[in-house]
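Undergrad: Show me the folded form of this:
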Amino acid sequence: RPRQSIGRHRTGERRPDEADADDGDAVEKRCGGGHDGIPVPGFAVARFKASSRATRQAELSRPERHLRQAATTPSIVLAPTERLWCRSYRPPPPRQRRPHQEEGTGTMIGSLVDLLHPHAPADLDRAVLEHRPLFLPGGSVQALQSLVTWQDIADQVTVSHVRNGRVLVIRQGRVIPQEMFLDGPKQPGGIRVATERLHDLCRQGISLVVHSVERSLPRIAAMTAAIERHFQAPVSTNAYATFERQSAFPMHWDDHNVLILQVHGRKHWALFGQPVRLPHEKIPFPQAKELVGSGTPHWERVLEPGDMLFVPRGEVHRTEVADANSLHLTISISQPRGDAALRWLLDRMVGIEEVLRRDVTPLAGPAALREQAADLRAAMVRILDGLDLEAFLADENRKREPNCALTLGLLPLAGRGVRVAAALRRPIPLDGDDDVEAGSFRYRLTADQKRVLAVLMERGGQTPEALAEALPALAPAAIADALAVLARKSLIHVFAN
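TA: Reported below is the predicted structural model:
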């Protein structure tokens, strides 16, 4: 059991990945572990995985109170490979490495295909269009765990991140005051994270929420950009580290679609349906508990590392850690809606339709106001006749700022065994002789550089060798030169082997 690691850690036995030098401060900075005897999450998970088959089978045979499955519910899609957790369940054998993945570089997620393997992106697309949950079991544990580690989460817990709201400490929807885990004189450079207090809070059962973690971890940034290019909608990724069988939030629903990636540990999810059709952040709705009461969930399951779950907006859900600790990523997909398209159209027509710029004032009198209202109705008919949703999406794509992919120390790329991925977050035109525009940036690229960038945006993360196969007309030296220019312009992410 993960809990058994407490005694071993307290006796001073060092983990295999622990440094030999005096790194007590570094170890104590980990939110879930340290010298006070609280289990280090990474160590606990590693011990659980390294246990014998008999131990694992005994663990899986323990009765789970909350595991009930309504597989006949029409609002949920169960993948063909899904298995219920029961006494006779045995974990499936590890899958073979995908043929195109190379040792050391294959764990990078540079496309939606890489993320969802062995499932097809079309399955997720249908769930998004139909606003229904979708469970995708058995993803690549290695790929997901290469995105973020427990130490990555611990490194995000800094005074600046806590002060600006990037990192929150939460218990059941309530934010823990910063004074409970920040210490030191209140002067510049004097405040620090009180690690011992934070360990105590973890033992009491709290969640660390790291907002927009893609801004700090390049591998998550590359994955987020690939997902955003697919959906052509704003995408961000939050990390949730939960300790001691607690939950960051009580039963609730979100006003945007989310894709859950279970990275470390196990977490129990329960779904209760969509009592409110297509909720909107500008429309107040009752609390989730008031909508569903104490009803029975129509679907629930314990997510294992590698499992993924799509939860559409409005789906009431509740979570609970099934092990001592859990770490998962929540990918928020905020699709633009009809009201945004209408506002975009009105903004474009203000310069054309004079009636939109006239003052609306009671000084004109009732008769003048009625006449002005009639002019506005006529103008709205003319404006709505010119609504083009494809043009709206294309304009949204042009305005989206690209990721800032810094590649210092990784150039030149030749002979380094690298894998590269596009940093642009939206599909943009790359043909012709015009400069490439992305948000407020303008890039002057050659034809070869545009061709290389186009392949990366279409196919996701690639090695230089794979690019050479996709672009046989370009010499390897030309591809290497193009990659170097794209890297200097922060248009690609570079990951060394």
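Undergrad: Low-confidence ranges, the stretch 51-200 of the chain, go.
TA: 51-107, 186-189 (pLDDT under 70).
Undergrad: Please, where are all the strands along it?
TA: 77-78, 134-136, 167-171, 174-175, 182-183, 192-193 (DSSP state E, counting those that start in this stretch).
Undergrad: check contacts around residue 231.
TA: Shown in contact with residue 231 (CB atoms under 8 Å, 6 or more residues apart in numbering): 128, 333, 335. Bear in mind the C-beta positions are built from the backbone N, C-alpha and C, glycine included.
Undergrad: what about the last one, how many neighbours?
TA: Counted with other CB atoms under 10 Å, the burial measure for residue 335 works out to 14 neighbours.
Undergrad: which SSE is it in?
TA: Under the criterion DSSP states H and E, no helix or strand holds residue 335.
Undergrad: Next one: the residue lying closest to it once chain neighbours are set aside, what pLDDT does it get?
TA: Leaving aside its chain neighbours, residue 335 sits nearest to residue 233 (4.5 Å; criterion: CB to CB, 6 or more residues apart in numbering). Looking at residue 233, its pLDDT stands at 95.
Undergrad: Ok, the one 10 residues further on next?
TA: With respect to pLDDT, residue 243 has a value of 89.
Undergrad: Now name the helix or strand holding the residue lying closest to it once chain neighbours are set aside.
TA: The shortest distance from residue 243 to any non-neighbouring residue, by CB to CB, 6+ apart, is to residue 202 (4.3 Å). Using DSSP H and E, residue 202 sits in helix 195-204.
Undergrad: rewinding a little: the strands of the stretch 51-200 of the chain: which one's closest to residue 308?
TA: strand 134-136 (4.1 Å; CB to CB).
Undergrad: Return the set of buried residues in the closest one.
TA: Neighbour-count burial for strand 134-136 flags 134, 135, 136 (criterion: 16 or more other CB atoms under 10 Å).
Undergrad: The last one contacts residue 118, correct?
TA: No - Residue 136 sits out of contact with residue 118 when judged by CB atoms under 8 Å, with a separation of 9.1 Å.
Undergrad: what sits in contact with each of these two?
TA: Counting by CB under 8 Å, 6+ apart, residue 136 and residue 118 have no common neighbour.
Undergrad: I'd like the distance between residue 351 and residue 375.
TA: Distance of residue 351 to residue 375, given as CB to CB, to the nearest Å: 17 Å.
Undergrad: higher neighbour count, the two?
TA: Set residue 351 next to residue 375 and count neighbours by other CB under 10 Å: residue 375 wins out with 15 against 9.
Undergrad: quick one, what contacts that one?
TA: residue 355 are the contacts of residue 375 under CB under 8 Å, 6+ apart.
Undergrad: any idea how far it lies from residue 386?
TA: Going from residue 375 to residue 386 by CB to CB gives 17 Å.
Undergrad: For the top helix by length along the chain, C-alpha coordinates in CSV please.
TA: Across the chain, the longest stretch assigned as helix under DSSP state H is helix 366-385. Extracted as CSV, the C-alpha positions of helix 366-385 are listed here (Å, rounded to 0.1, in the frame of the first residue of the first chain):
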residue,chain,number,x,y,z
PRO,A,366,-40.9,59.0,-27.8
ALA,A,367,-41.6,59.5,-31.5
ALA,A,368,-37.9,59.9,-32.4
LEU,A,369,-37.0,56.8,-30.3
ARG,A,370,-39.6,54.7,-32.1
GLU,A,371,-38.2,55.8,-35.4
GLN,A,372,-34.7,55.0,-34.3
ALA,A,373,-35.7,51.6,-33.1
ALA,A,374,-37.2,50.9,-36.5
ASP,A,375,-34.0,51.9,-38.2
LEU,A,376,-32.0,49.6,-35.9
ARG,A,377,-34.3,46.7,-36.7
ALA,A,378,-33.8,47.3,-40.4
ALA,A,379,-30.0,47.6,-39.9
MET,A,380,-30.0,44.3,-37.9
VAL,A,381,-31.7,42.4,-40.8
ARG,A,382,-29.1,43.7,-43.2
ILE,A,383,-26.2,42.9,-40.8
LEU,A,384,-27.4,39.3,-40.0
ASP,A,385,-27.8,38.6,-43.8
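Undergrad: Done for today, thanks.
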